[in-house]
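[1] Requesting a structural model of the entry that follows:
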Amino acid sequence: MIKEISLRVKPQTAVSSEILTQHISSCTGLNQKSINAIRILKRSIDARQREIFVNLTVRVFIDEEPPAVEYSKTAYHDVSERPRVIVVGAGPGGLFAALRLIENNLHPIVLERGKDVHTRRKDIALISKTQQVDSESNYAFGEGGAGAFSDGKLYTRSTKRGNVDKILKVFCQHGADTAILADAHPHIGTDRLPGVIENMRKTILDHGGEVHFQTKVDRLLFNAKHEVCGAGCTDDKTFEGPVILATGHSARDVYRMLDHFGVDLEVKGLAIGVRLEHPSSLIDQIMYHNQNGRGKYLPSAEYRMTAQSGGRGVYSFCMCPGGFVIPAASGPQQIVVNGMSPAGRNSKWSNSGIVVETKPEDLEHPSFKNLMQQAMKDDEFATAHPNNNDSDSSLRMMFLQEALEHECWMQGNRQQTAPAQPMTDFVNHHLTCDLPECSYSPGIVASPLHFWLPSFISSRLIEGFQVFAHHYHEFLTRKALLIAIETRTSSPVRITRNTDNLQHVTIPGLFPCGEGAGYAGGIVSAAIDGERCADAAAVLF
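    The predicted structure follows:
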């Protein structure tokens, strides 16, 4: 017999299968010896009150054995001789598009500008040692995309767009811990995700697909009907087939290429701000309402903060408990920060992006206009970024990103040392002499962020911090550090597509996909969109 039971238990009960079995026996009257196995279907932490509970939904196997496999696996076919579809980008959107193409009996050709995930690790490590960023192999570009070296967060609100459970099961099939199938906020961890990605590549290759690294697409190929019929690369190689364009939101040269060829693009809003890093022990104390922190049985605490300031949202983004702040620039003369966590979430810091909603019309704010004018006075920067600040350009929000990242690089002594300021100094407009220890490995430099950040951003961040501190009194503290700048929260551009067949509105055969096209916001939603684009491409055959 199998029974599904909902439970509300203390943390120490939830972490021990033996104690959990005893608890189920006690509250249901079942003979403990008759319980052969327990499978946790759903798990979440309720930390709203001082006493913390774990909510569980469990499947209890009574006098029978559980199935050997906890989930259904996806079957893949040999597609060596099947029609070809080009997938540009090997991030979550591209990888899941390729796997879904194989399901649909089509031959994916994955073209990735960066390196394989193992080699890419070495280039990422060099950023801290040399203060230089490889423009084709970094935290944004390479196998796995921006998600490969991140917290591996798999929580999404995109349930209406596709089958989230299917995406999680595919991750498990390729080596992720099955705990992601149960956790309310699942994550894989930056230390484990690269291995999962390598297994996905192996599945693609073992079933007849192709994966080409260091193969940068720089043009689309068209037939006589002005339909996309392939992609051309910087090494003069060409590949034939319809194109799923899953390049991620940092591939700015792709946006420029599309704009140059007259591909219809739309300007899109962003969220811009900083990385805020606290000691993880302090976040544990605040969120678990306990001066002793999380204790033995709870994970590093998460938080989610929201506020309104001047008609714009101020909120936490990509919170990484027990993690690190990382250098996420994808080219020269940029500083961009992001966060990541290992699977154990066991570092002594916790960080989150704290960002301000920014819309295209906000570019008229004087502080933004002044920033972009100052950026264009740098001849090298102006040459590399022509015309992006035109008031009618679809790339004008991207130009704001670039100007902010360039200014941050200037403030960081023209290296990857990031400008930083204690949280209280920022809020109180104080200059900073000393900085607390932090996780950002290239190093930090004391900087008056309150002075040089555009006031549109800084004033709203200050008000947001004050709102957060009203709810969590210890949150606003000198122990917390602001590290600039967080700009890559989403794509600054939307590559327009039809809602029915997902092809570009004016160019058949081109399927804009994932975060880079403006249709996703995280690993799972990008993966879902990749599958949807693969299904849409299959209709052509």
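[2] CA atoms for contacts and neighbours, from now on please.
    Noted.
[3] Just to check, G144 is in contact with I197?
    Yes. With contact defined as CA atoms under 8 Å, G144 and I197 form a contacting pair (6.2 Å).
[4] neighbour count winner among these two?
    More crowded of G144 and I197, by other CA atoms under 10 Å: G144, with 31 against 25.
[5] helices or strands up against the element among helices and strands of the chain having the smallest mean pLDDT?
    Every helix and strand in the chain was compared by mean pLDDT, DSSP states H and E; the lowest is helix 379-384, with a mean of 83. Applying 3 or more CA pairs under 8 Å, 6 or more residues apart in numbering; DSSP states H and E, we find helix 379-384 packed against helix 366-376.
[6] how far does the helix it packs on sit from the chain's center?
    28 Å (CA atoms, centre = their mean, to the nearest Å).
[7] Over to stretch 183-191?
    12 Å.
[8] quick one: contacts of it?
    For stretch 183-191, the external contacting residues (CA atoms under 8 Å, 6 or more residues apart in numbering) are 42-44, 148-155, 176-177, 179-180, 340-345.
[9] Following element in sequence after the longest strand along the chain, please.
    Using DSSP state E to define each element, the chain has its longest strand at strand 35-46. Next along the chain after strand 35-46, taking DSSP states H and E as the criterion, comes strand 53-62.
[10] ok, residues contacting that next one?
    Taking CA under 8 Å, 6+ apart as the rule, strand 53-62 contacts 1-11, 14, 34-47.
[11] Skip the chain neighbours and tell me the closest residue to R192.
    A343 (6.8 Å; CA to CA, 6 or more residues apart in numbering).
[12] Who are the contact partners of the one you found?
    D151, H187, I188, G189, T190, D191, R192.
[13] Try it again at 10 Å.
    D151, G152, D177, H187, I188, G189, T190, D191, R192, L193, G322, G323 (CA atoms under 10 Å, 6 or more residues apart in numbering).
[14] got the contact list for the helix or strand harbouring L282?
    Per DSSP H and E, L282 falls inside helix 280-287. Residues outside helix 280-287 that contact it (CA under 10 Å, 6+ apart) are 47-50, 277, 288-295, 298-303, 320-323, 345-351, 472-475, 479-480.
[15] try it again with 7 Å
    291-294, 300-301, 321-322, 348-350, 472, 474 (CA atoms under 7 Å, 6 or more residues apart in numbering).
[16] between those residues, which is closest to A246?
    Each of the contacts of helix 280-287 was checked against A246 using CA to CA; the closest is P321, at 28.6 Å.
[17] count of neighbours near the closest one?
    Neighbour count of P321, defined by other CA under 10 Å: 31.
[18] Let me see the contact set for it.
    P321 touches S280, S300, A301, E302, S341, R345, S350, N351, counting by CA under 7 Å, 6+ apart.
[19] nearest residue to it other than its sequence neighbours?
    Using CA to CA, 6+ apart, the nearest residue to P321 is S350, at 4.4 Å.
[20] neighbours around the one you found, how many?
    Neighbours of S350 using other CA under 10 Å come to 33.
[21] just checking, what packs against the helix or strand where I102 lies?
    Following DSSP H and E, one finds I102 within helix 92-103. With contacts defined as 3 or more CA pairs under 7 Å, 6 or more residues apart in numbering; DSSP states H and E, the packing partners of helix 92-103 are strand 84-88, strand 107-111, helix 523-538.
[22] now with 8 Å?
    strand 84-88, strand 107-111, helix 193-206, strand 243-245, helix 523-538.
[23] Using a markdown table, lay out those together with mean pLDDT and distance to M398.
    Formatted as a markdown table, those follow (pLDDT from 0 to 100; distance: least, CA to CA, whole Å):
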| stretch | mean pLDDT | distance to M398 |
| --- | --- | --- |
| strand 84-88 | 98 | 21 |
| strand 107-111 | 98 | 24 |
| helix 193-206 | 97 | 29 |
| strand 243-245 | 98 | 18 |
| helix 523-538 | 96 | 20 |
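[24] ok, the residue nearest to E531 when sequence neighbours are not counted - contacts?
    Leaving aside its chain neighbours, E531 sits nearest to A97 (4.8 Å; criterion: CA to CA, 6+ apart). By CA under 8 Å, 6+ apart, the contact list for A97 reads V87, I244, A527, D529, G530, E531, R532, C533, A534.
[25] Taking the contacts of helix 280-287, please make a ChimeraX selection of just the buried ones.
    Entered in ChimeraX, the line below selects the buried ones among the contacts of helix 280-287, by 16 or more other CA atoms under 10 Å:
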select :293,294,300,301,321,322,348,349,350
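[26] ok, of the contacts of helix 280-287, which one's closest to K166?
    Among the contacts of helix 280-287, and counting by CA to CA, the member closest to K166 is P321, at 26.1 Å.
[27] which regions of the stretch 351-500 of the chain lie under the pLDDT threshold?
    Applying pLDDT under 70 to the stretch 351-500 of the chain picks out residues 387-389.
[28] again but with the stretch 151-300 of the chain, I slipped
    For the stretch 151-300 of the chain, the ranges with pLDDT under 70 are 157-161.
[29] ranges for the strands of it?
    210-212, 217-222, 228-233, 238-240, 243-245, 265-267, 270-279 (DSSP state E, counting those that start in this stretch).
[30] that older thread, among the contacts of P321, which are located in strands?
    Using DSSP E, the contacts of P321 in strands are S350, N351.
[31] need the contacts of P321 in CSV with distance to E64, can you?
    Shown next, in CSV, are the contacts of P321 (distance: CA to CA, whole Å):
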residue, distance to E64
S280, 43
S300, 36
A301, 37
E302, 38
S341, 39
R345, 36
S350, 43
N351, 45
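[32] Could you single out the nearest of the contacts of P321 to E112?
    S341 (24.7 Å).
[33] and whichever helix or strand comes after the helix holding L282, which strands flank it?
    Going down the chain from helix 280-287, the next helix or strand is strand 306-309, by DSSP H and E. In the sheet, strand 306-309 lines up against strand 312-320 (antiparallel) (DSSP bridges).
[34] The longest strand of the chain packs against which elements?
    Looks like strand 35-46 contacts helix 17-28, strand 53-62 (3+ CA pairs under 8 Å, 6+ apart).
[35] by how many degrees do it and strand 53-62 diverge?
    Angle, strand 35-46 to strand 53-62, by axes from the mean of the first three to the mean of the last three CA atoms, to 10 degrees: 160 degrees.
[36] Next, the angle from strand 35-46 to helix 17-28.
    90 degrees.
[37] Name the next helix or strand downstream of the strand or helix carrying I485, please.
    Applying DSSP H and E as the criterion places I485 in strand 481-486. Using DSSP H and E, the helix or strand that follows strand 481-486 in sequence is strand 493-495.
[38] Who are the packing partners of that following strand?
    Against strand 493-495 (3+ CA pairs under 8 Å, 6+ apart) you get strand 265-267, helix 514-517.
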